[in-house]
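S.K.: need coordinates for the below:
(3 chains)
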Amino acid sequence: MTESRRQGALGLALVLPPLCLLFFLVVVPAVTAVVETLAPGPGGSAGLTVARYAEVLSAKVIRTDIAFSVVVTLISVAAVFVLGYPLALYLRFSPGRLASLLAVVFTIPLFVPVVIASFAMITFLVNHGLVSTVLYRLGIETFPPLVYNATGIVLTEVWASLPFAVLILGAGLQAIDDSLIDSARDVGAGRVRTFATIILPLNAIPTRITLTLLFISVFGSFTIPYLVGGNAPQMLGVTMTNYLTQYLRRTDAVTMAVLAFVIAAAVGVVYVASVSRRERDV
Amino acid sequence: MTAVQAAAGPPSPSWFWAIAGMRRALALGAFLALAAFILGPLLTLLVWAFAGAWLFPNLLPEFSLTWWSYVLGNADVVKAIRMSLLTAPVATAASAVICIPAAYAFARLEFPGRRLLLLSFLSANAFPKIGLYVSIATLFYRLDLMDTFAGVVLVQMINTLLFLIWIPTGTFRGINRTLEEAARDAGAGPLRTFFQITLPIALPGLIVAAMFAFLAAFDDAQGTLIVGTPNHITMPVMMYTLVLSYPQPVGAVFSVLLSLPSLAFLLLAQRYLRAGYLAAGYSL
Amino acid sequence: MGRSVRRRWIVMASVMIVAVCLVGFQGANPARAAGVVTLNLYIGGDTNIFDLWKKAFLPAFTKRYPQYKANMVELLHDNGSEGIYAKILAAKRTGRTVDVDLWETTPGFLDQGIAEGLWVKLSPKLVSNVTKVPAPTLEAVDYYGLPYRGSSVVIGYNSQFIKNPPQTFDDLVAWIKANPGKFTYCDPNTCGSGTAFVTAAIYRYTSAEKFAAKAYDTKDEAAWAPGWKLLKELQPAMYNNGFHPNGNVAVLQLLAQQNIWMASVWSDMGLDWYSRGQLPKTMRFIQITPPLMGDDSRVMVPAGSAHLEGALTLLNWLLTPEAQTMVIDVVAGYPGIDWKYMPESVRQKFIDVAKAFAPWPNPKYLADIKRLWHEQVVGG
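M.R.: This next block holds a predicted model:
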């Protein structure tokens, strides 16, 4: 009993410093913002109201933008995952020079700021950019629009996020004991079975962290959709900025920020719930 | 468990990835496709950086160095790069010092509200900052941190919290408790166990976390713009202006220049990351 | 294990050392030499405006008033302005002075700040040269922003492909429909040249003066409906099936790459790019009738400015013929002061262009135009 109390006190003491930082720099301002969106407008009665949320959500453009943000985010995360997992496996299990070289190449986007990444992607993929010029010289004159639309956002998000996924997944894969995988073969398990029954479950936590953080970072992105996206629909980051800076509707922007937070937080809750369920199972 | 062993050879279960005969072809194909996707945009940028003018449908531009002299005349850029390279490492280090012990507590200790508190760090990245500007600015004025080095570091630390809490928590959780318990049984104190057993095993994960934290701090534009202007301006604050405003070749020159420090960092970190992976693979 | 750990620390230490070497020691803080006051200017806009301040105004100003130095923060397309606004507002709320001595930004922030009491109200007592500015442009913003320069939007076209450019707005609309994919204007949220085309469509069916005046009533916005209908109709004929790039520069790039043949552009930027060889040699610029919008760009001084006296001195200097001539020479803009105060030689040269543009809507209507454009034209 005293041991567990001592542990509790120590645990709280250790998490206190970052928690303080979070509390004053994020939680307090965020709560202020939420209260602002719930306060009745001038002339309204006392108490809290969800009228602003109803008003914001009644605009078709905003609903479209929310749906668009979620869809683009899901597609980007799925694409990063489908490309990233095999890559991480390859780097983990395929030693040699090629793997080392590949490891350097795929890490590069991590170190390129997103502004530059977006700019580079545009010069590369835009009509009359490098790819289209090369195709034009080869006699292919019709070129699909790859930037300034959802395709452009997804391509750039994938480009920018791939190293993050590969590194986190890879760090997890490194921790899996070689002998476990070898013994799977010894009992006759094939490649797919080994992956499904040994590797995937053992790498579950890094996988979930990767998916959750990817979702949040893509969902909340501003620079990539602002530069590479089209005019409409837009991702929420861009819409909010427009409402704040261009349309003079600050409270609407803050209301959307709260909605965006709720969506991102829901993903976080799923993550934590799945991790703690797993802990109970063990 | 020794360095000699780590250097002795590749990990054994490469059968998992090997497909007899097709292995090389597949690897090469995948390599080329990925390299084209990742390097293509950057190479285009590099060519633009040396272009005088590049009008369609020419495959290559007229080469010229005029834009380089135009850019290198800008003293503000050098100053901003310096500021970035100073604030981001300090923010990362300060954040690591407070976050890694907290992550260990989240992974190993039982205390009330643990899951909720862990989840709450998500809000640092999940709450769009756009709703927080006025409140944050008000707070920094009250603390007299506006336009100070400490203020910029503090505001950049917000972005690092999630990476330095969540990833290390996962890393610590993934470490087999029996190793730590064995050390404790052999008479090592808790601190000694942490530094001699837990930390070395966790190090690759912690390095990866610190790297993401560094990049998150390094990339922060909005917070730094509010708190740092007018005298503590970092690279990302200038970036939009530098990359997008001038005629295209100038943006490309800036991009190449601004990527150089990062790429140097990449080469250094890369060696270390690979070494770290190998060590981790053998440690368990 | 000991050896590998040690090696790791060595690698890490060397990384740190290299980093420190790269950084060097931080330069000394901005000079606060005795008697010299550093003014902090925040300039939002496009590159040509940054150059106007950095290369023309500030060297001349600091030469004339050596007791001042200037430190300039550039905000491209007014990116990040919400942060600057937050900074000024927070300083006022906490009763501090703010390190923003002068801010050039969009009319929206000027308007929001008036309601919060953030700006210095200009008067001849504070800024004596303010009497040279035509009174209506000052009254439009209750004397809280100083219109120090103007410029107008024109039509840029590639004469290689277009022999007979449109002369009127209706001609232009007909040309766009007849040449699908060869025209666009930038997203009004990111630039004025796009806003100018959008307002031209709106003004086509209503009166420009009505929406430029100070009165604001959302009911009157019903008059914009035919304008939205026209713009919506034009969408399929725009570049890339209705794509509007971000910023004035992106439009110029589309012209440069010959992806489009015609666009609405700022006269000053178009000429600047053309003279630097960044546009095809066959580019030409014309004004149509009725003329597209022109813009009086305004600067504000926060009431909490830490260097109020210096900021007001700078404002006053901005309205001298010396500074106003630079507006014409450097960015091909129009002066903010009445033409009669300009030197005779300048007046003769620009006698034709004076005020050949339609008025800008008031900030509240402008904000609604941008939002409704998004809803009605590209979003619906």
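
S.K.: and chain A, is the strand or helix carrying B:Ala93 touching that?
M.R.: According to DSSP states H and E, B:Ala93 maps onto helix B:75-108. Yes. Shown here: helix B:75-108 in contact with chain A (C-beta under 8 Å from any C-beta of the partner chain) through B:Ser95, B:Ile98, B:Cys99, B:Pro101, B:Ala102, B:Tyr104, B:Ala105, B:Phe106. (Glycine included, C-beta is placed from N, CA and C.)

S.K.: how much space separates the nearest residue to A:Thr239 once chain neighbours are set aside from A:Pro18?
M.R.: Using C-beta to C-beta, 6 or more residues apart in numbering or on different chains and skipping the chain neighbours, the partner closest in space to A:Thr239 is A:Asp65 (4.7 Å). The gap separating A:Asp65 from A:Pro18 is 33 Å, by C-beta to C-beta, to the nearest Å.

S.K.: any idea how many residues pack against B:Ser259?
M.R.: Neighbour count of B:Ser259, defined by other C-beta atoms under 10 Å in any protein chain shown: 21.

S.K.: show the average pLDDT along whichever strand or helix holds it.
M.R.: Applying DSSP H and E as the criterion places B:Ser259 in helix B:248-283. The predicted model assigns helix B:248-283 a mean pLDDT of 61.

S.K.: ok, stretch B:162-181 next?
M.R.: Mean pLDDT, stretch B:162-181: 86.

S.K.: let me know whether it sits next to chain A.
M.R.: Yes. Stretch B:162-181 lies within reach of chain A by C-beta under 8 Å from any C-beta, at B:Leu162, B:Phe163, B:Leu164, B:Ile165, B:Trp166, B:Ile167, B:Gly170, B:Thr171, B:Arg173, B:Gly174.

S.K.: again, but for stretch B:196-216
M.R.: Yes. Applying C-beta under 8 Å from any C-beta, one finds stretch B:196-216 touching chain A at B:Pro204, B:Gly205, B:Val208, B:Met211, B:Phe212, B:Leu215.

S.K.: also stretch C:136-155?
M.R.: No. Using C-beta under 8 Å from any C-beta, stretch C:136-155 stays clear of chain A, with a minimum separation of 14.5 Å.

S.K.: buried residues in that stretch?
M.R.: Neighbour-count burial for stretch C:136-155, counted by 16 or more other C-beta atoms under 10 Å in any protein chain shown, picks out C:137-138, C:140-141, C:143-155.

S.K.: gap between the two ends of that stretch?
M.R.: End-to-end distance for stretch C:136-155: 27 Å, by C-alpha to C-alpha, to the nearest Å.

S.K.: any idea how far it is from the chain center?
M.R.: 11 Å (C-alpha atoms, centre = their mean, to the nearest Å).

S.K.: average pLDDT for it, rounded please.
M.R.: pLDDT averaged over stretch C:136-155 gives 89.

S.K.: who touches stretch A:9-21?
M.R.: The contact list for stretch A:9-21, computed with C-beta atoms under 8 Å, 6 or more residues apart in numbering or on different chains, reads B:95, B:98-99, B:101-102, B:104-106, B:109-112, B:114, B:117, B:120-121, B:154, B:157-158, B:161, B:164-165.
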